[in-house]
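Colleague: Everything below, folded, please.
(2 chains)
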2 protein chains.
Amino acid sequence: MIETMRQINTIAEMRVHINEAKRQGKKVGFVPTMGYLHEGHLSLVRAARETCDLVVMSIFVNPLQFGPNEDFDRYPRDIERDRELARSAGVDLLFTPEVREMYPRPMLTNVSVATVTEPLCGRSRPGHFDGVATVVAKLFQIVQPDYAFFGQKDAQQVAVVTQMTYDLSMPVQVVPCPIVREADGLAMSSRNVYLSLEERSQALVLSRSLKQAEAWLAEGMAIREIRDGLIRMISEMPLASIDYVEVLGYPDLAPVDKPSKGDSIIVALAVRFGKTRLIDNLITTI
Amino acid sequence: MIETMRQINTIAEMRVHINEAKRQGKKVGFVPTMGYLHEGHLSLVRAARETCDLVVMSIFVNPLQFGPNEDFDRYPRDIERDRELARSAGVDLLFTPEVREMYPRPMLTNVSVATVTEPLCGRSRPGHFDGVATVVAKLFQIVQPDYAFFGQKDAQQVAVVTQMTYDLSMPVQVVPCPIVREADGLAMSSRNVYLSLEERSQALVLSRSLKQAEAWLAEGMAIREIRDGLIRMISEMPLASIDYVEVLGYPDLAPVDKPSKGDSIIVALAVRFGKTRLIDNLITTI
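Modeller: Next up is the predicted model:
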């Protein structure tokens, strides 16, 4: 079933393989990543394998979605290790373009999505979601997937890509997949490697506070009080510096004062531990 | 060869036909229009017929590309006539979505192209090319053409769509086709129907001045003098009100002072006759 994985560096070669797969009527599943793979990424590959005939993963650290003072240069990379992990998880085509292959000339085209990009990471990271929407639009044109798999840890990214796909009638089904956590609750992230032992230990407050938020929501506590309570919990960690703590409607990411029964709510956190900015979230229905 | 044309109003039905055509390995040619068809549009259909197995035409007056004081509401429409013209020119699928089919909810996604949108119509019609890029991106996702045919009368539109297609690696070949003119030289346009007899007669200055510009370019006259000469020629028409007269590099639409041998140049005009804004252009190589 799973043959040998092929690594592809150029758009032209991807097209040849994708056209051949399409001619054969294969369903193409796509897992776009920035590499430095962890169990979260691999869970997306397994989800793709279940529904698709050809599983394509991209590894591309996309400069467009990093701000000038962000970690593009030091973002962790390990293509040897990634290749092994991708192969054993069942990737058929591993697309690993260089920046000059994706952006051979200055990129003049920009895809932007309004409204859902305004709060949360959109506010903290100006231009970030333009970079995400633009690269995902481009990757979708190259890979032409029937299904594309994204982790819910980047819940706002899922919302942005879903909105773009809907608005532009892209023939792609966006499939959000659950957050994968370490045994102690820390959400898997390529950036976890940046953490010192002490930072990592204090970062457990994120998953702990989301659990607490879930309990508070179930008890019917007011949104504002929940938010205040979470800020207090996280602030108890001396190494934590809060970027945002928000409780919003999902998937529209609009403010909610008093949720009604049946409403979907996202509790979203972005907190710095030392130089490392971590995000985590919980989506639940009242 | 040409079977009966099918008219399709929904994205879902288009997908069914396009998927079937793709499965059969058919090359899809696409002619996006705003309807009120003329010989210019039909020449695009004929170009598509020559290279493609399935010819799709869309007729959609796209509100996104009209400014608040422009002619969206009064833009000429005649679907009965268009259907007959499209059928006899060899269209296989005529896609005629309503606005609420294309934009059922507020459009939150915007595709914008920098640089080539700045001069000419981009300056006169703020937001116009965002609307064009966004709707063409969406139509490309729906129709999934191998080739898309555009008239060179809208030369800047061709430049914008070509740039977008390149930047986003869309699997579409953009094919620019020559301007089609009336016997007296007036470039074909759906908006010509707005012109009074007197306006129409004075509008012939556009093609006449482009011919003059071509001669001047061949003689090596300075760009600045050519521009001044064209402005004088057009201003002699009492009903003409100049929006712009520009001589730029092509296809980058950058200013040129002294073109070198082999440079491509566009002479681009936008002039109002009464309430009707007409554009015309000439692309030539020095």
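Colleague: could you pull out the strands for the stretch 1-150 of chain A?
Modeller: Applying DSSP state E, counting those that start in this stretch to the stretch 1-150 of chain A gives strands spanning A:6-8, A:28-33, A:54-59, A:93-95, A:109-113, A:147-151.
Colleague: hmm, who's touching the fifth one?
Modeller: What it means is strand A:109-113. Outside strand A:109-113, the residues that touch it by C-beta atoms under 8 Å, 6 or more residues apart in numbering or on different chains are A:129-130, A:133-134, A:137, A:160, A:163-164, A:167, B:108-114, B:133, B:163-164, B:167-168. (Glycine included, C-beta is placed from N, CA and C.)
Colleague: Please check the residues you listed and keep the buried ones.
Modeller: A:129-130, A:133-134, A:137, A:160, A:163-164, A:167, B:108-113, B:133, B:163-164, B:167-168 (16 or more other C-beta atoms under 10 Å in any protein chain shown).
Colleague: what's the domain layout of chain A?
Modeller: By the assignment in automatic domain parsing, chain A contains the domains A:6-177, A:190-281.
Colleague: returning to that earlier point: indicate which one of the strands of the stretch 1-150 of chain A is closest to A:E219.
Modeller: With C-beta to C-beta as the criterion, A:E219 lies closest to strand A:147-151 of the strands of the stretch 1-150 of chain A, at 28.6 Å.
Colleague: Just the angle for the helix or strand following the closest one relative to strand A:109-113, thanks.
Modeller: Next helix or strand after strand A:147-151 toward the C-terminus (DSSP states H and E): helix A:155-167. Angle of helix A:155-167 versus strand A:109-113, following axes from the mean of the first three to the mean of the last three C-alpha atoms, to 10 degrees, is 110 degrees.
Colleague: How about residues contacting helix A:155-167?
Modeller: So helix A:155-167 is contacted by A:111, A:113, A:115-117, A:119-122, A:129, A:132-133, A:136-137, A:140, A:148, A:150-152, A:170, A:172, A:174, A:176, A:250-253, A:266, A:268, A:281, A:283, B:107-109, B:138 (C-beta under 8 Å, 6+ apart).
Colleague: Please apply the same query to stretch A:251-268.
Modeller: Here stretch A:251-268 makes contact (C-beta under 8 Å, 6+ apart) with A:115-116, A:118-120, A:155-156, A:158-159, A:162, A:210, A:213-214, A:217, A:222-224, A:226, A:230, A:244-250, A:279-286.
Colleague: related to what we said a few turns ago, how about the strands of the stretch 1-150 of chain A in a markdown table, adding mean pLDDT?
Modeller: Shown next, in a markdown table, are the strands of the stretch 1-150 of chain A (pLDDT from 0 to 100):
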| stretch | mean pLDDT |
| --- | --- |
| strand A:6-8 | 98 |
| strand A:28-33 | 98 |
| strand A:54-59 | 98 |
| strand A:93-95 | 98 |
| strand A:109-113 | 98 |
| strand A:147-151 | 98 |
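Colleague: Reformat these as CSV; add distance to B:S201.
Modeller: What follows is those, written out as CSV (distance: least, C-beta to C-beta, whole Å):
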stretch, distance to B:S201
strand A:6-8, 60
strand A:28-33, 57
strand A:54-59, 58
strand A:93-95, 58
strand A:109-113, 41
strand A:147-151, 56
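Colleague: Contacts only, for the nearest residue to A:T10 once chain neighbours are set aside.
Modeller: Spatial nearest neighbour of A:T10, chain neighbours left out: A:E101 (5.9 Å); criterion: C-beta to C-beta, 6 or more residues apart in numbering or on different chains. By C-beta under 8 Å, 6+ apart, the contact list for A:E101 reads A:N9, A:T10, A:I11.
Colleague: thought the first one was touching A:E98?
Modeller: Spelled out, that is A:N9. Yes: assessed by C-beta atoms under 8 Å, A:N9 is found in contact with A:E98 at 6.9 Å.
Colleague: Now do the shared contacts for these two.
Modeller: By C-beta under 8 Å, 6+ apart, A:N9 and A:E98 have no common neighbours.
Colleague: how about the strands in the stretch 151-286 of chain A?
Modeller: Going by DSSP E, counting those that start in this stretch, the stretch 151-286 of chain A shows strands at A:173-177, A:240-249, A:264-273, A:276-285.
Colleague: Let me know the pLDDT of the spatially most central residue of chain A.
Modeller: With distances taken as C-alpha atoms, centre = their mean, the residue of chain A nearest its centroid is A:D154 (3.6 Å). At A:D154, the predicted lDDT confidence score is 96.
Colleague: Which residues does the nearest residue to it once chain neighbours are set aside form beta bridges with?
Modeller: Distances taken as C-beta to C-beta, 6+ apart put A:I279 closest to A:D154, at 7.3 Å, once the chain neighbours are dropped. A:I279 forms beta bridges with A:A270, as assigned by DSSP bridges.
Colleague: A:F140 reaches A:V172, doesn't it?
Modeller: Yes: A:F140 is within contact range of A:V172, at 5.7 Å (criterion: C-beta under 8 Å).
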